Structures are given as C-alpha cells and as structure tokens.
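In: next come a sequence and a model predicted from it.
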Amino acid sequence: MTEVLRAEDVHVVRDGRPILQEVSLTVRAGEHWALLGANGAGKSTLLSLCGALVHPTRGTVEVLGRRLGRVDLRELRAHVGHVDPRHPLTAPLRVRDIVLTGLTNSVAPLPRWRPTQGQRDRAARLIGTLGLADLGDARWPTLSQGQRGRTLIARALMPEPRLLLLDEPATGLDLPGRERLIEALGALRREHPALATVLVTHHLEELPAGTTHAMLLREGRVLAQGPASYVLTGDQVGKCFDLPLVLERHDGRWTVRIRRRGQDGA
Ligand SMILES: Nc1ncnc2c1ncn2[C@@H]1O[C@H](COP(=O)(O)OP(=O)(O)OP(=O)(O)O)[C@@H](O)[C@H]1O
C-alpha cells in the first residue's frame, strides 16, 4: 500500500526540553490511526509534524513522499487536510461557502475567486457525507459545535487530500454530536477508501469502528504502535495513562473503565 506519511527516529526539542523522542511512524493509504496519550504526551506536536506545520529537531519526516526541510511547507500543507478545532472564523458564512474555502485554503472566500460547477457539486456531496445535507445554507454562528466540526471536516476534504488529520474532533460534543461525528467519519472512510486519517484523542469511546491502527504516546515516547486490536489492550492503555484499566470492544467500538481491586481477576 502507498505510504502517505513516514516519520523516522524523530525528536522534537522546545526550550531545551525534549517533547518527542525516537518517534517513528508509517501511515499508508486507507489506514485509520488513533493517536492516544495523556495530556502533554506530545500528540499535538506529532500531528503538527504530520501536517507539515513544524520541522523535527532531529530525524526525518516525509509527508506524501516529500521530505520536510527540502520542500515548501506551505505547498505541502495544501495537500493535507488538517481539521483545526480553533478555526478562526467569525463571519456569518454559509456552510457551503465555508466548505468551498477549503479550495483556497483561506478563512473567508477570496474576493474574485469563483468555484466551478464541479467544485460546487463536490462541496454538496461532502456536505451530504458529513450528515449536513439540510444545513448547506445555515450560517456559522447558528451551528452547534458538532455541526461546525463536521463542516470543517468537509472543508478539509475539498482539495481531495490523501491524508486527513483530526485533533480531538469530539471535544465538547454531547452524546448525539459525538455519535453523528463518528457516523460521518465511517461514511467518509467508505466513500474514500484510499484516504488515510490520523485522529488524536484521550478517549477510546471516541474512536470510530473503522480505526485500523493505534499509537500510544507517553512522555514523548512511543509506548506501543501497530494494528488497533494489538495495541488497544487494558494492559497497554493502562500503562499509557498510569491506571489499571479494563478495555472492551463491541461492534468495533471501545469502552474503558478502571479495574477495581478484586474485580476482573485483579
Ligand atoms: N512550542 C512549545 N514550546 C515549549 N513547549 C511546548 C511547545 N509545544 C508544546 N510544548 C510542550 O510539549 C508537551 C507536549 O505538548 P503537546 O501539545 O504535543 O501534547 P498533547 O499530548 O497534545 O497534550 P494535550 O492532550 O494536553 O493536548 C507539553 O508539555 C507542552 O507544554
């Protein structure tokens, strides 16, 4: 399968402090990675490297076959969908216009830029896939947090990226909002089988059933990585969060709870 991302022996140092150490990761087309770890473990820093937002201090990162440090990061970023929960939009734009700004990589529509009919059709299809078909004309300030998140995912997909990065996309969503997001990610994966995704979260309940791989980060180092069913066990996730945990998987989704003394064989 085609590699979309390869990080080798990456170190990131900030203010003289190691943030990531000896991190290697390869993501291939069609793979859906979960990046898990406690607060401060280095997840967002690793996602920034994947999105060509920062350079490693040491080691190599290749995004879509191009080595960071040898190519124009801005040009490379245009080919990676990065869903930023802090999207700086305040204007009351309509959902369909926000989604189209994914093509110009701008917060607001560019003054003289006009989308083609084909681009409009693609925006409408993505809006449908993300479960927003009835909201194409709705304006940003009237959207719920979950609807905003799904709008931004549709926006990130407009330029047909091969890699989609999601930083805690379910944060702040209520239960229906979270489930709609997970459903939309499932639909996306079915409709775009070659798309690769990397999703950062603290919560295993937020992982879609289609998650294929996982990486556990602890204090800037990789604790475990590989196929999700191998990595996401009570023992390994427990080490990651420093808690005795019991993990269960039903219909592809995960639940987790603390293992009580005297229960579950402890
Ligand atoms: N530019 C920076 N300068 C100094 N320290 C930084 C910088 N960026 C991140 N850090 C530190 O690096 C560590 C890892 O940060 P990062 O945001 O990658 O962690 P995270 O796993 O995403 O955490 P969270 O779950 O809290 O979002 C933290 O201790 C953070 O304070």
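Out: Thanks, I have the structure now.
In: break down the stretch 1-150 of the chain into its helices, ranges please.
Out: For the stretch 1-150 of the chain, applying DSSP state H, counting those that start in this stretch gives helices covering 43-50, 73-77, 95-104, 117-129, 145-157.
In: so which of those comes closest to residue 231?
Out: helix 43-50 (14.6 Å; Cβ to Cβ). C-betas here are computed from N, CA, C, even on glycine.
In: CSV for the helices of the stretch 1-150 of the chain, including mean pLDDT and mean neighbour count?
Out: As requested, those are arranged in CSV below (pLDDT from 0 to 100; neighbours: other Cβ atoms under 10 Å):
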stretch, mean pLDDT, mean neighbour count
helix 43-50, 93, 21
helix 73-77, 82, 13
helix 95-104, 93, 22
helix 117-129, 93, 16
helix 145-157, 90, 23
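In: next, format those as CSV and append distance to the ligand.
Out: Shown next, in CSV, are the helices of the stretch 1-150 of the chain (distance: least, Cβ to the nearest ligand atom, whole Å):
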stretch, distance to the ligand
helix 43-50, 3
helix 73-77, 16
helix 95-104, 24
helix 117-129, 27
helix 145-157, 16
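In: would you turn these into CSV with distance to residue 85?
Out: Formatted as CSV, the helices of the stretch 1-150 of the chain follow (distance: least, Cβ to Cβ, whole Å):
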stretch, distance to residue 85
helix 43-50, 11
helix 73-77, 17
helix 95-104, 15
helix 117-129, 19
helix 145-157, 7
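In: skip the chain neighbours and tell me the closest residue to the residue nearest the centre of the chain.
Out: Centroid-nearest residue in the chain, with Cα atoms, centre = their mean: residue 166, separated by 1.9 Å. Closest residue in space to residue 166, ignoring its immediate chain neighbours: residue 199 at 4.4 Å, by Cβ to Cβ, 6 or more residues apart in numbering.
In: residue 87 now?
Out: residue 152 (5.5 Å).
In: what about the strands in the stretch 151-266 of the chain?
Out: With DSSP state E, counting those that start in this stretch as the criterion, the stretch 151-266 of the chain has strands at 163-167, 196-201, 213-218, 221-227, 245-250, 253-258.
In: pipe those into CSV and attach distance to the ligand and mean pLDDT per row.
Out: As requested, these are exported to CSV (distance: least, Cβ to the nearest ligand atom, whole Å; pLDDT from 0 to 100):
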stretch, distance to the ligand, mean pLDDT
strand 163-167, 8, 93
strand 196-201, 7, 94
strand 213-218, 7, 97
strand 221-227, 12, 97
strand 245-250, 18, 93
strand 253-258, 16, 93
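In: nearest to residue 239, out of those?
Out: Among the strands of the stretch 151-266 of the chain, the nearest to residue 239 by Cβ to Cβ is strand 221-227 (6.1 Å).
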